[in-house]
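Visitor: sequence below, structure please.
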Amino acid sequence: MLPRGKSRKLEPVGGLFAGMFKKLGLSEAVAEQRALQVWAEVVGEKVAAHTQAYSISDGELLVLVDAHTWTQELTFLKPDILRRLNETLGSGIVKDIRFTLRRRRQE
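Guide: Numbers count the residues shown, from 1 in each chain. Predicted coordinates for the structure are as follows:
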């Protein structure tokens, strides 16, 4: 119990997590993972229907694409997508995007 006249100041949980991640050196890793979550929002429904942000490591985002034509198209759009991703994330976390053809399962 707190002494009389004293009160605890409540802090938003998000702020507590951000501080904890920073102390543990995980801030960049958390921001990188957020890039996977916002991919569809940034590229829009049409592109998202043919792609999947799969992983990110050292600022390189790996995106799986369902057709060669989309790989080519997205390569041309890459500078704009990079800019929009980093604007959404509020930082320069994503340094490059690598588009690769999604492998289909053998039946």
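
Visitor: and the next element down the chain from the helix or strand of the chain with the lowest mean pLDDT?
Guide: One helix or strand of the chain scores below all others by mean pLDDT, DSSP states H and E: helix 13-23, with a mean of 58. Where DSSP states H and E defines the elements, the next helix or strand beyond helix 13-23 is helix 27-43.

Visitor: contacting residues around that next one?
Guide: 18, 21, 48, 51-57, 59, 61, 63, 81, 84-85, 88-89, 91, 93-94 (CB atoms under 8 Å, 6 or more residues apart in numbering). Glycine gets a C-beta too; all of them are placed from N, C-alpha and C.

Visitor: tell me the buried residues within these.
Guide: 51, 53, 56, 61, 63, 81, 84-85, 89, 93-94 (16 or more other CB atoms under 10 Å).

Visitor: from those residues, which two are the most distant?
Guide: Greatest spatial distance in the buried ones among the contacts of helix 27-43: 51 and 93, 18.6 Å, computed using CB to CB.

Visitor: ok, the buried ones among the contacts of helix 27-43 vs residue 100, which is closest?
Guide: Distances from residue 100 to the buried ones among the contacts of helix 27-43, taken by CB to CB, are shortest for residue 63, at 7.3 Å.

Visitor: what's the longest helix in the protein?
Guide: helix 68-89 (DSSP state H).

Visitor: could you say what helices and strands that helix packs with?
Guide: Secondary-structure packing of helix 68-89 (3 or more CB pairs under 8 Å, 6 or more residues apart in numbering; DSSP states H and E): helix 27-43, strand 60-65, strand 96-101.

Visitor: next, the angle from that helix to strand 96-101.
Guide: Relative orientation of helix 68-89 and strand 96-101, computed by axes from the mean of the first three to the mean of the last three CA atoms, to 10 degrees: 150 degrees.

Visitor: now for residue 84: which residues touch it?
Guide: Counting by CB under 8 Å, 6+ apart, residue 84 has contacts 42-43.
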